[in-house]
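Asks: sequence and predicted model, in that order:
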Amino acid sequence: MRTSTAAFMAGITAGSILIGGLTLYLGASMSDTATAESAGTSESFVMSGITSDVTREPAPTAPADPSMAPAPVAPPIPVALDPMSAAYNPFLEPSDPAYVTEAEMTTWYALQDVIRQCMTEQGLEFLDFDWRLNESPQPPRQEFAEREAWLQAMYGANRLNPSSDWRESGCSGYGLHITGDTVH
């Protein structure tokens, strides 16, 4: 046990001397540099005998061959057209697949008017809504029975397995039939 303790202490002493020597060496290097800078030779590297082997090369110039020139940088995309921007609206950008033309919007509003009239005739409320904002025409906070009656009037009795016959598809089927809308 004494041998391992002695070896441990010797290791700590050697490490302290090594670290202390390194501190003294760095201190001497810093003082030499400070002296050299104050003497007006700040561009030379004075570090206790350490010299730099690095040679400075001139900055590269433009290539003579046009095929080697870098590609031109595209101008930045305006924020309103950047799909990653919060201000981007895909429904207003004609190049976006989600863009809706004026004719489609007119057809959609006509369809909503027919559905609203049908739902009102059945004594149910049909709210104004904007589908682009993920709103719903169904009134919020309805009881279960009210919600089921509203959904049945809107989509028909078999809304989970809709029929291709518009007569069985509630007010939405009636609206599609009246407007001739096959898209929505």
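Replies: Cool, got the structure.

Asks: count of neighbours near residue 91?
Replies: When neighbours are defined as other Cβ atoms under 10 Å, residue 91 has 12 of them. For every residue, glycine as well, the C-beta is placed using N, CA and C.

Asks: what are the phi and psi values at it?
Replies: Dihedral pair for residue 91: phi -80, psi -10, per degrees, to the nearest 10.

Asks: domain assignment for this protein?
Replies: Here the domain parsing of the chain from automatic domain parsing is 1-49, 102-179.

Asks: low-scoring stretches of this protein, by residue?
Replies: 1-55, 58-64, 66, 76-83, 86, 183-184 (pLDDT under 70).

Asks: residue ranges for the helices of it, please.
Replies: Listed in chain order, the helices of the chain (DSSP state H) span 2-38, 102-121, 144-155, 170-179.

Asks: what residues sit buried inside the third one?
Replies: Counting neighbours by 16 or more other Cβ atoms under 10 Å, one finds that the buried residues in helix 144-155 are 150-155.

Asks: again, but for the second one
Replies: Within helix 102-121, the residues that qualify as buried are 107-108, 111-112, 114-116, 118-119, counting by 16+ other Cβ under 10 Å.

Asks: what does the last one give?
Replies: Judged by neighbour count using 16+ other Cβ under 10 Å, the buried positions of helix 170-179 are 170-176, 178-179.

Asks: what helices or strands is it leaning on?
Replies: helix 102-121, helix 144-155 (3 or more Cβ pairs under 8 Å, 6 or more residues apart in numbering; DSSP states H and E).

Asks: now those helices in CSV, with distance to residue 71?
Replies: Shown next, in CSV, are the helices and strands packed on helix 170-179 (distance: least, Cβ to Cβ, whole Å):
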stretch, distance to residue 71
helix 102-121, 39
helix 144-155, 54
